[in-house]
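Novice: Can you look at this prediction? I've put the sequence above it.
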Amino acid sequence: MAASIAYGSANLQFHDRGSWQPSLFSRVISQNCSPKFPRSRGVSTSLQIKRYRYPIGETRRLFQTIITSCIRDDSTKYYDFSVIGSGVAGLRYALEVAKHGNVAIITKAEPHESNTNYAQGGVSAVLCPSDSVESHMQDTIVAGAYLCDEETVRVVCTEGPERIRELIAMGASFDHGEDGNLHLAREGGHSHHRIVHSADMTGREIERALLKAIENDPNITVFKHHFAIDLLTSQDGSEMVCHGVDTMNTETRKVVRFISKVTLLASGGAGHIYPSTTNPPVATGDGIAMAHRAQAVISNMEFVQFHPTALADEGLPITRTKARENAFLITEAVRGDGGLLYNLDMERFMPMYDERAELAPRDVVARSIDDQLKKRNENYVLLDISHKASDRILSHFPNIAAECLKYGLDITRDPIPVVPAAHYMCGGVRAGLQGETNVRGLYVAGEVACTGLHGANRLASNSLLEALVFARRAVKPSIEHMKGSHIDQSVSRWWDPPVVPMQLGSSILNKVIRRTKEVRKELQSIMWEYVGIVRSTTRLMAAEQRIGELELEWEAYLFQQGWEPTMVGLEACEMRNLFCCAKLVVSSALTRHESRGLHYTIDFPHVNEQSRLPTIIFPCSTMNRTWSSRQLHKQQIC
C-alpha cells in the first residue's frame, strides 16, 4: 500500500481556502493504486528519500457551480453548511456557523450517540493560578513522544480555557469544590489538577448542553439515522473540491443527497477495527475512509490509543449474559484520584515499569498491563480505588459504581477487573490550524482530524478540548468560503446516485449481511492479533496480506450475489470503511521504523530522532480498482 517514503520536516503549511504544501521534507506514503498490497511482496524494505511537492495552483478561484441542465429532485437537499457528526465538534461548529447560514447536521444514529457521549473523565484546561499554558503544553508534548506540532499545542492550550467558559455560559454544568470554584481533577500525564468534569459523565453533560442549544436554533436541522456514504467532489485544476455528501436514511432506506457550500467532517474515530473498543457502535471510521476516497491527506494512522482500563466482564462476580457492543470505560480519573493497579496476586506492578507509576501516560500503562497479562497468562488486571473514602468514590464515579454494581461488584470495597481496549485514533484527516484540509470546502474537527496536537499519544482529556478549539477555529474560514460560493440547485446531477439494493430481495440481502458480519469479526481478529499494542514487522506484513485477501474475498462474494458497484447498505458501507481504516493503520505502522508513543514494535524498540516526523499518506491520482477503495459515484471534472 505504501510505495515510497520521504523524511523531513514534521509540518505541513496550510494556506488560504484549504490549500497546503509540504514544508521541506515529510514522511510520506504515496498510495499505490493496484488492488493488491505491494508491501506484502517486500516493498516495505525499499525506501526512497526524496523531496516531495504537491502541485498547487498559483491563484485561488471562488467556487461557483455552473451547469446547464436542471431537474428538481426531492431527495436532494441544499444547505450553506453540512456537518457530518453530532459529537462536541460538530455541534459546537454548527451553533456558530448557524449565525451566518442554514445548517444540516447529519448523524448516523440518534444525535447523542457519539464518542463525546461516552467520554467520562473530562476536559483539560488551564484554569488554576498555579497552572500555566507552558506546563499544559509540556505535558502534551511529553505524552505525545515529542511528535506534536508545537504551534498547534500552543493554540489549543491557550484557547482552551475560553472554550470551557463558553460551554458553562451555554448551560453545561461541571463539578465545583467546597470553595465554590470548579473542581479540577488530575489524570495520567498531567503535572497539575486541570481536568474540568461532571462526575464521571462529562461528555454526556457537554452533549446535553449542546443538543439543547441546537434544538433552540431555527437555522439548524438535524437529520438523524442518516449514514454518510461518500463525499461529493469535483476536480478544479490541481485541486479537489467538496460539494457535500451522499447519505442513506437507514430507517426509510432512501438515499438523500446534501449539496452544500461548506462541509465539516466531525464523524469521530474508528475503534471498531478492533474487537474490543470503548467507542460506540457508530465508530467505524466512516469519515476517515470517505475523506481518503475523496483524496484528502491522511496522517499518523499508526498511533491507535488503547485505553489501559476498560471493564473486563469476565472478572465480574456476575457473568454478563450478552456481549457488549462496546467496552465499558473505566476513566483515567480513577487512577488520577489514587487508584492502583495490581495483578491477580495483588502485586502492584506499575512502579516496575515507570517512575510515574499509575500516573504514567496511557501508552506506558497499556503496554505495562499487556506485558503483565502475557507474562502471567492472565486475562485482566485489577484497579483498586477502595482505599479512598466511600462517599468520595461514589460522588466522583457514580456511573462506574452503578455499572459495576449491576454485576455484583462494589467498587468502594472491591478492585475493578480491567483490560486495555481500543479507544482513540490519534491520526486522521490532515488538518491545518483552522481545520482546513487539502480538499477545498472540506473542514475537519474532532477525532476524525489529525491536527498535530496529540503527536504519537494523546494526553488524557485533551480530546474534547481539541474538538472544541478546532470547531471554533474552523468557523471563520468556513464562513468566508460560504460567502464566496454559489450553488445552482442543478449541481446535484453531476454525480451518479448510489442505489439501495432492494431488487436483490430479502433472502440475498440477509446472506450478504450475515457474511459481512462474519468478515467484520475476521478483520477485527486480525487487527487485534497482529496490529495491537505490541507489533512486529513480520506480523504487520502478515496482517496486510491477510486483510487484502479478506477484502477481495468479501467483495467477490458480494458481486456473486448480484451486488453492483453503485449499491449501498449500512453493513456493507461500514465494512468497506473498516477495511480502509485498517489498511491505513497497517501501512502507516510499517513505515515507522522506531517505537514512539502508541506505536511499539519489537523490531525497532527504541526512539529514532531522525524518524521524529508525522506519517503522511497522500492520495493517488487514480482511485483503486477495488469497490471498497473508490467513491461510489462518478466524479465530475470541471
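Specialist: That came through fine.
Novice: all strands for the stretch 151-300 of the chain, in order.
Specialist: With strands called from DSSP state E, counting those that start in this stretch, the stretch 151-300 of the chain shows them at 184-185, 195-196, 220-223, 226-236, 239-249, 254-265, 298-299.
Novice: With mean pLDDT and distance to Gly339 as added columns, please give those strands in TSV.
Specialist: C-beta: built from backbone N, CA, C; applies to glycine. As requested, the strands of the stretch 151-300 of the chain are exported to TSV (pLDDT from 0 to 100; distance: least, C-beta to C-beta, whole Å):
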stretch	mean pLDDT	distance to Gly339
strand 184-185	90	12
strand 195-196	92	14
strand 220-223	96	38
strand 226-236	94	38
strand 239-249	95	42
strand 254-265	97	36
strand 298-299	97	34
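Novice: Of these, which is nearest Val381?
Specialist: strand 184-185 (22.4 Å; C-beta to C-beta).
Novice: other SSEs contacting that closest one?
Specialist: Secondary-structure packing of strand 184-185 (3 or more C-beta pairs under 8 Å, 6 or more residues apart in numbering; DSSP states H and E): strand 195-196.
Novice: hang on, Asn300 packs against Thr451?
Specialist: No. Between Asn300 and Thr451 there is no contact under C-beta atoms under 8 Å: 10.1 Å.
Novice: list the contacts for the residue sitting nearest the centre point of the chain?
Specialist: Nearest to the mean C-alpha position of the chain, counting by C-alpha atoms, centre = their mean, stands Gly269 at 2.4 Å. Applying C-beta atoms under 8 Å, 6 or more residues apart in numbering to Gly269 gives the contacts 115, 279, 283, 285, 288, 424-425, 428, 447-448.
Novice: So which of those sit within helices?
Specialist: Counting by DSSP state H, the contacts of Gly269 place Ile288 in helices.
Novice: Hmm, which of the contacts of Gly269 is lowest in pLDDT?
Specialist: The member of those with the lowest pLDDT is Asn115, at 54.
Novice: Show me where the stretch 251-400 of the chain has its helices.
Specialist: For the stretch 251-400 of the chain, the helices defined by DSSP state H, counting those that start in this stretch occupy 286-293, 332-336, 350-353, 362-376, 390-396, 398-405.
Novice: May I see the buried residues of the shortest one?
Specialist: In this case it means helix 350-353. The neighbour-count criterion (16 or more other C-beta atoms under 10 Å) identifies 350, 353 as the buried residues of helix 350-353.
Novice: which strands and helices sit next to it?
Specialist: helix 362-376.
Novice: And the helix it packs on, what does it pack against?
Specialist: For helix 362-376, the packing partners by 3+ C-beta pairs under 8 Å, 6+ apart come out as strand 304-311, strand 340-342, helix 350-353, strand 381-384, strand 416-425.
Novice: Now do stretch 546-560: distance to the chain's middle.
Specialist: Chain-centre distance of stretch 546-560: 25 Å, with C-alpha atoms, centre = their mean, to the nearest Å.
Novice: try stretch 492-500
Specialist: 27 Å.
Novice: Endpoints of it, how far apart?
Specialist: 18 Å (C-alpha to C-alpha, to the nearest Å).
Novice: List the buried residues for it?
Specialist: Applying a neighbour-count criterion of 16+ other C-beta under 10 Å, one finds 492-495, 497-498, 500 buried in stretch 492-500.
Novice: any chance of the residues you listed in TSV, plus secondary structure?
Specialist: Below are the buried residues of stretch 492-500 laid out as TSV (DSSP: H, G, I helix; E, B strand; the rest coil):
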residue	secondary structure
Ser492	helix
Arg493	helix
Trp494	helix
Trp495	coil
Pro497	coil
Pro498	coil
Val500	coil
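Novice: what's the neighbour count on Val245?
Specialist: Residues within reach of Val245, counting by other C-beta atoms under 10 Å, total 26.
Novice: cool, Lys517 as well?
Specialist: By other C-beta under 10 Å, the residues close to Lys517 number 12.
Novice: Contacts only, for it.
Specialist: Taking C-beta under 8 Å, 6+ apart, one finds Glu571 in contact with Lys517.
Novice: that's a helix at it, yeah?
Specialist: Yes. The assignment for Lys517 (three-state DSSP) places it in a helix.
Novice: What distance do you get for it to Phe579?
Specialist: Distance of Lys517 to Phe579, computed by C-beta to C-beta, to the nearest Å: 14 Å.
Novice: Same check on His272?
Specialist: Applying C-beta to C-beta to His272 and Phe579 gives a distance of 12 Å.
Novice: Surely Glu151 and Leu433 touch.
Specialist: Yes. Using C-beta under 8 Å, Glu151 makes contact with Leu433 at a distance of 6.9 Å.
Novice: and the nearest residue to Val568 once chain neighbours are set aside, what are its phi and psi?
Specialist: The shortest distance from Val568 to any non-neighbouring residue, by C-beta to C-beta, 6 or more residues apart in numbering, is to Pro498 (4.3 Å). Dihedral angles of Pro498 (phi, psi; degrees, to the nearest 10) stand at phi -70, psi 160.
Novice: so where is this structure shaky, pLDDT-wise?
Specialist: Along the chain, segments meeting pLDDT under 70 span 1-74, 111-121, 620-625, 634-638.
Novice: Looking at Glu151 and Leu433 now, which is surrounded by more residues?
Specialist: Higher neighbour count among Glu151 and Leu433: Leu433, with 19 against 11, using other C-beta under 10 Å.
Novice: what's the more buried one in contact with, if anything?
Specialist: Contact partners of Leu433, counting by C-beta under 8 Å, 6+ apart, are 14, 151-152, 155, 451, 473.
Novice: which SS state does it fall under?
Specialist: coil.
Novice: quick revisit: mind giving me TSV with the helices of the stretch 251-400 of the chain and columns for distance to Asp313?
Specialist: Shown next, in TSV, are the helices of the stretch 251-400 of the chain (distance: least, C-beta to C-beta, whole Å):
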stretch	distance to Asp313
helix 286-293	27
helix 332-336	17
helix 350-353	23
helix 362-376	15
helix 390-396	21
helix 398-405	11
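Novice: So which of those is nearest Ala199?
Specialist: helix 398-405 (5.4 Å).
Novice: Any chance you could list what contacts that closest one?
Specialist: With contact meaning C-beta under 8 Å, 6+ apart, helix 398-405 is reached by 120, 199-201, 311, 316, 328, 330-331, 334, 393-394, 410-412, 416.
Novice: from the residues you listed, which single one is nearest Gln561?
Specialist: Gln561 has its nearest neighbour among these in Phe328, at 36.5 Å by C-beta to C-beta.
Novice: Quick one: residues contacting the nearest residue to that closest one once chain neighbours are set aside.
Specialist: Among residues not flanking Phe328 along the chain, Leu311 sits closest, at 4.1 Å (C-beta to C-beta, 6+ apart). Residues near Leu311 by C-beta under 8 Å, 6+ apart: 327-330, 403-404, 416-418.
Novice: Just name the closest of these to Phe81, please.
Specialist: Nearest member of these to Phe81, counting by C-beta to C-beta, is Leu329, at 31.6 Å.
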